[in-house]
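Visitor: fold the following.
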Amino acid sequence: MKKQSILEAKYEAQKLAFAPYYFQVVVTLRKTGILTFIHSKKKGVSIQEIVDKFKITEYGVRTLLEAAESAGIVDYIDENNVVITKVGYLVNFDQMTGVNINFMNDVCYDGAKHLTQSIQNDKPEGLKELGNWDTIYEGLSQLPDQIKKSWFEFDHFYSDDAFPYALPIVFEDNPNCIFDIGGNTGKWSFACCEYNPNVKMKIFDLPGQINVAKANAEEKGYLDRIDFYPIDLLDATQKIPKGADVVWMSQFLDCFSETEIITILKNVHQAIDSETPVYILETFVDNQKFEAAKYSLTATSLYFTTMANGNSKMYRLTHMRKIVDAAGFDIVIEYPLIGNSYHTILKCVKRK
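Guide: Numbers count the residues shown, from 1 in each chain. So this is what the prediction gives:
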């Protein structure tokens with residue numbers, strides 16, 4: 001444990017106390033383009049230049065930049081000139097940071113204040129800030145465009161980078177038909193169709209997501225190779241059909257509670273034989289190379305609590321192993337941190 005003086009601890013406590021305002025300073029500096037402008041001036045930029053460029057009062061500019069200095073986003077060269085820092089550069093230009101900021105601001109920010117009630121009630125009480133649904137998944141296709149854009153960019157960022165490394169692993173088994181469970185907008189199925197010209201796909205998801213995936217497949221010309229199966233996988237009476245050579249779940253199980261995951265996996269269990277591999281792709285909190293990734297994933301659990309469904313989270317690998325075992329599967333191979341991503345693949349088979 002790092003030793004910390006009481007003064008250092010008090011400073012850290014104030015960062016937490018005022019975090020919402022400092023976050024909105026970041027949002028404002030990004031949205032207005034001020035950070036981009038400061039970065040373009042390698043030797044620094046004057047307050048007056050920013051005032052003239054963005055037609056914001058000197059009061060407004062100084063208020064933002066003083067907060068930005070406290071947050072480590074800019075440094076003052078002197079009283080009237082600033083330069084961007086490494087943190088400021090990453091806040092403005094790093095893809096992961098940008099995706100996280102937009103997701104937090106557009107999807108989660110208003111609902112975050114409902115965390116206490118969400119924890120107490122085991123429900124996503126913050127979701128009411130977006131719409132009247134039991135879970136966010138029911139309302140994804142109905143979200144306003146900007147919120148929807150930020151949600152999908154976040155979702156895809158933490159899955160798409162893994163696909164090039166996952167495809168050779170999945171196709172080692174030479175599947176003719178892959179079941180894409182929780183296929184969402186169809187990105188994994190499209191990647192499979194591009195990777196192998198003969199494979200057939202079947203996407204399983206809620207009707208709203210199925211409609212989006214079908215429209216995307218039509219646009220890409222894959223309707224002859226992809227079937228669509230609307231299903232509520234939390235309804236135990238709705239059975240996954242047989243016929244899969246491979247079952248794939250990409251960052252799908254983290255959307256559910258432990259009990260719900262077992263329900264879904266048991267549904268998969270009844271649909272396959274002991275030779276059919278089941279691949280689970282997830283970003284496990286306890287299996288990350290970098291603290292920034294672990295920190296982001298831990299925060300994502302709070303989104304699940306307040307906005308998504310109130311009872312799911314980013315799981316630990318040690319925890320997921322127990323869940324998979326409880327559903328009647330054995331993990332035969334673990335592919336940890338494939339490629340340069342944050343992801344682990346678990347290859348599972350039905351226990352005989």
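Visitor: so which elements touch the helix or strand hosting residue 330?
Guide: Element membership for residue 330 (DSSP states H and E) is strand 329-335. For strand 329-335, the packing partners by 3 or more CB pairs under 8 Å, 6 or more residues apart in numbering; DSSP states H and E come out as helix 317-326, strand 344-350. Using the backbone N, CA and C atoms, a C-beta is placed for each residue, glycine as well.
Visitor: would you mind finding the most buried of the ones you listed?
Guide: strand 344-350 (a mean of 21; mean count of other CB atoms under 10 Å).
Visitor: for the record, mean pLDDT for that strand?
Guide: For strand 344-350, the mean pLDDT works out to 97.
Visitor: on that earlier part again, tell me which of the helices and strands packed on strand 329-335 sits nearest to residue 173.
Guide: Of all the helices and strands packed on strand 329-335, strand 344-350 sits nearest to residue 173, with 9.2 Å by CB to CB.
Visitor: can you add distance to residue 281 and give the helices and strands packed on strand 329-335 back as TSV?
Guide: Listed next are the helices and strands packed on strand 329-335 as TSV, based on distance: least, CB to CB, whole Å:
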stretch	distance to residue 281
helix 317-326	11
strand 344-350	5
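Visitor: relative to residue 235, which of those is closest?
Guide: Nearest of the helices and strands packed on strand 329-335 to residue 235, taken as CB to CB: helix 317-326 at 19.6 Å.
Visitor: just how off-centre is that closest one within its chain?
Guide: 21 Å (CA atoms, centre = their mean, to the nearest Å).
Visitor: what's in contact with it?
Guide: With contact meaning CB atoms under 8 Å, 6 or more residues apart in numbering, helix 317-326 is reached by 253, 258, 261-262, 265, 280, 282, 284, 286-287, 315, 330-331, 344, 346, 348.
Visitor: rewinding a little: what's the closest of the helices and strands packed on strand 329-335 to residue 180?
Guide: Among those, the nearest to residue 180 by CB to CB is strand 344-350 (14.6 Å).
Visitor: tell me the helices and strands packed up against that closest one.
Guide: With contacts taken as 3+ CB pairs under 8 Å, 6+ apart, strand 344-350 sits against helix 163-170, strand 278-282, helix 317-326, strand 329-335.
Visitor: buried only: go through the contacts of helix 317-326 for me.
Guide: Of the members of the contacts of helix 317-326, the ones counted as buried by neighbours, 16 or more other CB atoms under 10 Å, are 253, 258, 261-262, 265, 280, 282, 284, 287, 315, 331, 344, 346, 348.
Visitor: just give me the longest helix of this protein.
Guide: The single longest helix within the chain, with elements called by DSSP state H, is helix 145-160.
Visitor: for it, buried residues please.
Guide: Within helix 145-160, the residues that qualify as buried by neighbour count (16+ other CB under 10 Å) are 147, 148, 150, 151, 152, 153, 154, 155, 156, 157, 158, 159.
Visitor: tell me which of those has the lowest pLDDT.
Guide: Lowest confidence among the buried residues of helix 145-160: residue 159, with 74.
Visitor: skipping adjacent residues, who's closest to it in space?
Guide: Excluding the flanking residues, the one nearest residue 159 by CB to CB, 6 or more residues apart in numbering is residue 251, at 4.9 Å.
Visitor: and residue 201, which of the three is it?
Guide: Look at residue 201: counting by DSSP: H, G, I helix; E, B strand; the rest coil, its state is strand.
Visitor: hmm, residue 224 and it touching each other?
Guide: No: in this structure, residue 201 is not within contact of residue 224 by CB atoms under 8 Å, at 10.9 Å.
Visitor: neighbour count winner among the two?
Guide: Between residue 201 and residue 224, counted using other CB atoms under 10 Å, the more crowded position is residue 201 (26 against 9).
Visitor: got a list of what that one touches?
Guide: 177, 178, 180, 189, 192, 193, 222, 225, 226, 227.
Visitor: how does it look with 6 Å?
Guide: 178, 180, 189, 192, 226 (CB atoms under 6 Å, 6 or more residues apart in numbering).
Visitor: equivalent analysis for residue 278, please.
Guide: 247, 348.
Visitor: so this structure: which segments form each domain?
Guide: 6-92, 155-288+309-350 (automatic domain parsing).
Visitor: now distance to residue 131 too, for these, in TSV please.
Guide: Converted to TSV, the domains of the chain look like this (distance: least, CB to CB, whole Å):
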stretch	distance to residue 131
domain 6-92	22
domain 155-288+309-350	12
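Visitor: and the ones you listed, which is most packed in?
Guide: domain 155-288+309-350 (a mean of 19).
Visitor: start and end of that one, how far apart?
Guide: Length of domain 155-288+309-350, first residue to last, CA to CA, to the nearest Å: 28 Å.
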